[in-house]
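Q: Need coordinates for the below:
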Amino acid sequence: MYYRKNILFLSCTFGGFIEGVVTKIESKDYYVRADKKIIRCNLPGRFQKEFNLKKDKLYTLDIAVVGDKVNFEMNKDNTGTINNIAGRVNYISRKAPRMKGAGERGERLEQTLAANIDEVYIIASAINPSFNNRFIDRLIVAGESAYINVNVVINKMDLAPEEDVQYFKNIYSKLGYNVYITSIYRSESIDRLRNNVIGKKSLFFGQSGVGKSSILNGLFPTLDLKTGDVSLSTNKGKHTTVTSIMHGVGDNTFVIDTPGIREFDPYGVKKEDLGRYFKEFPEYINDCKFNNCTHFHEPGCAVRKAVETGKITSERYKSYLNILETIEEGLFF
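A: Presented below is the predicted three-dimensional model:
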């Protein structure tokens with residue numbers, strides 16, 4: 001097993017408090033779902049103190065995130081105070097945008113998007129904006145390194161030539177990923193996706209303008225999420241979601257809507273492990289001449305030979321090299 005990082009753990013002792021799950025965070029307010037009610041809670045300063053003691057090792061911005069299991073006590077004004085945050089089964093994170101800070105030596109900090117997830121759905125569009133497999137592969141690496149089931153959704157099937165849509169689909173379905181071809185104007189395509197979402201906690205994310213909010217509205221019309229257009233000048237979407245929000249949409253069914261993402265670098269992936277998160281690489285990795293081969297320039301690399309012979313697609317290999325280039329040295333302890 002190749003473990004990317006340790007799960008953030010503050011406390012998991014539950015006593016005579018109310019149990020709940022964080023559904024939204026706004027500034028210093030944590031909205032917690034408990035018994036089908038949403039309680040606005042605060043996080044005491046002692047958590048920040050405990051967090052700071054570990055900061056040199058964790059390099060993360062977040063204490064509690066959407067999807068975290070917590071327990072809290074009620075205050076007289078009907079708000080709550082969080083007492084404990086449970087350990088995470090898993091979580092999805094990225095390198096924080098540079099504007100949000102860096103470590104003491106300039107490394108990017110970790111920004112966690114959500115925790116305790118059953119399924120990840122990466123939403124792409126076949127056109128408008130154009131299909132971006134480089135971006136999809138970055139999100140796949142984040143899901144694979146967190147050991148979360150990854151699904152690919154190719155939206156706007158009605159706007160692109162069928163042969164293009166099938167080409168995009170084949171890239172990922174041949175690797176064993178569930179690929180959903182959708183259009184908000186074809187209800188049967190949405191119904192197939194809905195069948196896999198029911199009974200799970202699912203994270204939806206993708207670039208702005210790919211139709212993520214429209215798909216969620218199609219899956220669960222009661223959500224009534226705001227949708228946006230794609231700019232004609234930049235061919236990029238406009239943000240309609242500003243923070244991750246978890247919605248309860250049925251018995252044991254939750255969807256986490258994330259902001260449209262324009263920049264995504266997986267966090268916590270080492271150069272020597274990156275190939276393990278490309279599903280088609282492990283078959284060849286053990287045949288490389290060097291145990292620590294990065295599959296870039298080393299002689300006797302079986303992965304590069306597989307690319308040359310067409311056993312690994314050039315599209316995926318280019319994505320691999322693109323991610324490899326962004327991995328900073330000296331980030332791990």
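
Q: What is the host helix or strand of Asn170 packed up against?
A: Here Asn170, judged by DSSP states H and E, is contained in helix 162-173. Using 3 or more Cβ pairs under 8 Å, 6 or more residues apart in numbering; DSSP states H and E, the elements in contact with helix 162-173 are helix 133-145, strand 149-155, strand 178-181. For glycine as for every other residue, the C-beta is placed from the backbone atoms N, C-alpha and C.

Q: got the CA positions of the last one in PDB?
A: What it means is strand 178-181. Once non-C-alpha atoms are left out, strand 178-181 reads as follows in PDB (Å, rounded to 0.1, in the frame of the first residue of the first chain):
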ATOM      1  CA  ASN A 178     -17.200   4.600 -14.500                       C
ATOM      2  CA  VAL A 179     -17.800   7.200 -17.200                       C
ATOM      3  CA  TYR A 180     -21.200   8.900 -17.400                       C
ATOM      4  CA  ILE A 181     -22.200  10.700 -20.600                       C
END
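
Q: roughly how far is it from the heart of the chain?
A: Offset of strand 178-181 from its chain centre (Cα atoms, centre = their mean, to the nearest Å): 17 Å.

Q: Which one of the helices and strands packed on helix 162-173 lies nearest to Gln166?
A: strand 178-181 (8.5 Å; Cβ to Cβ).

Q: next structured bit after the closest one?
A: According to DSSP H and E, the helix or strand after strand 178-181 is helix 187-197.

Q: who does the helix or strand following that next one pair up with?
A: Next in sequence after helix 187-197, counting helices and strands by DSSP H and E, comes strand 201-206. Strand 201-206 has the following sheet partners, assigned by DSSP bridges: strand 119-125 (parallel), strand 253-257 (parallel).

Q: closest one to Phe278 among the helices and strands packed on helix 162-173?
A: Per Cβ to Cβ, nearest to Phe278 of the helices and strands packed on helix 162-173: helix 133-145, 7.6 Å.

Q: if we can go back for a sec, can the helices and strands packed on helix 162-173 go into CSV with extra columns for distance to Leu223 and mean neighbour count?
A: As requested, the helices and strands packed on helix 162-173 are exported to CSV (distance: least, Cβ to Cβ, whole Å; neighbours: other Cβ atoms under 10 Å):
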stretch, distance to Leu223, mean neighbour count
helix 133-145, 22, 22
strand 149-155, 16, 23
strand 178-181, 18, 18
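
Q: Using CSV, lay out those together with distance to Glu280 and mean pLDDT.
A: Output for these, formatted as CSV (distance: least, Cβ to Cβ, whole Å; pLDDT from 0 to 100):
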stretch, distance to Glu280, mean pLDDT
helix 133-145, 12, 96
strand 149-155, 14, 97
strand 178-181, 15, 97
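
Q: Any chance of those in JSON lines with distance to Arg194 as columns?
A: Converted to JSON lines, the helices and strands packed on helix 162-173 look like this (distance: least, Cβ to Cβ, whole Å):
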{"stretch": "helix 133-145", "distance to Arg194": "20"}
{"stretch": "strand 149-155", "distance to Arg194": "12"}
{"stretch": "strand 178-181", "distance to Arg194": "10"}
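
Q: of the ones you listed, which approaches Pro299 most closely?
A: Judged by Cβ to Cβ, the one of those that comes nearest to Pro299 is helix 133-145, at 25.7 Å.

Q: can you pull up the bridge partners for Ile256?
A: Leu203, Met246.

Q: Going C-terminal from the strand or helix carrying Ala306, what's the next secondary structure element?
A: Element membership for Ala306, per DSSP H and E: helix 302-308. Downstream of helix 302-308, the next assigned helix or strand under DSSP H and E is helix 314-326.

Q: Check which residues of that next one are buried.
A: Residues of helix 314-326 classed as buried by neighbour count (16 or more other Cβ atoms under 10 Å): Arg316, Tyr317, Ser319, Tyr320, Ile323.

Q: which among the residues you listed gets closest to Val269?
A: For the buried residues of helix 314-326, the residue nearest Val269 by Cβ to Cβ is Ile323; the value is 7.6 Å.

Q: tell me the centre residue of this structure?
A: Geometric centre of the chain, nearest residue: Ile92, 4.7 Å, by Cα atoms, centre = their mean.

Q: from what I can see Glu315 touches Ile171, true?
A: Yes - look at Glu315 against Ile171 with Cβ atoms under 8 Å: they come within range, at 6.4 Å.

Q: Need the residues touching each of those two.
A: When contacts are counted by Cβ atoms under 8 Å, 6 or more residues apart in numbering, Glu315 and Ile171 are jointly contacted by Asn133.

Q: For stretch 76-95, give the distance from the opening residue to the closing one.
A: 39 Å (Cα to Cα, to the nearest Å).

Q: in that stretch, what counts as buried?
A: 80, 82-86, 88, 90-95.

Q: just stretch 275-295 next, same as before
A: Residues of stretch 275-295 classed as buried: 275-281, 284-285, 288, 293-295 (neighbour count, 16+ other Cβ under 10 Å).
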